[in-house]
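K.L.:
Please find the sequence and the predicted model below.
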Amino acid sequence: MIQVENIVLSNKPLSNFEIKNAVKKIRLKNFRGLFLRDTLPKKPKRNECVIMNLDDTSINGTYWLVWFKNDKKWYFDSFGLPPPTELNYCLDGDIFCPTD
């Protein structure tokens, strides 16, 4: 088990339901939702936090990444990979990747 922000999480890959429950408990500011790669919102917001699965609706989903926008654009991928091309319209401009 892993404890984050007073929430206990299983030490295993999390389902979308487990992630939504954790986000709800910590009251993540500007949280827009969880999306599969091919279901991203058409219009990005100026301030938003999005968790995206790299799989699309034809697959169960296995790999989550996150981005957050406020005065800066933050992107996090646990493997340190750059943002996928689908995010170009969401993260246009300078992006801060903590793994860089």
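P.N.:
Great, that's in hand.
K.L.:
Quick one: list the elements packing against the lowest-mean-pLDDT helix or strand in the chain.
P.N.:
Comparing helices and strands within the chain by mean pLDDT, DSSP states H and E singles out strand 2-4 as the least confident, with a mean of 75. Packing contacts for strand 2-4, counted by 3 or more C-beta pairs under 8 Å, 6 or more residues apart in numbering; DSSP states H and E, involve strand 7-9. To be clear about C-beta, it is placed using only N, CA and C from the backbone, and glycine gets the same treatment.
K.L.:
what pairs with the strand it packs on, and is each one parallel or antiparallel?
P.N.:
strand 2-4 (antiparallel) (DSSP bridges).
K.L.:
List the contacts of the residue lying closest to Pro82 once chain neighbours are set aside.
P.N.:
Taking C-beta to C-beta, 6 or more residues apart in numbering as the measure, Pro82 lies nearest to Cys97, with 7.3 Å between them; neighbours along the chain are not counted. For Cys97, the set of contacting residues under the criterion of C-beta atoms under 8 Å, 6 or more residues apart in numbering consists of 74-77, 80, 82.
K.L.:
Tabulate those residues (TSV), appending secondary structure, pLDDT and distance to Pro41.
P.N.:
As requested, the contacts of Cys97 are arranged in TSV below (DSSP: H, G, I helix; E, B strand; the rest coil; pLDDT from 0 to 100; distance: C-beta to C-beta, whole Å):
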residue	secondary structure	pLDDT	distance to Pro41
Trp74	strand	89	18
Tyr75	strand	89	16
Phe76	strand	90	19
Asp77	coil	88	19
Gly80	coil	84	25
Pro82	coil	83	21
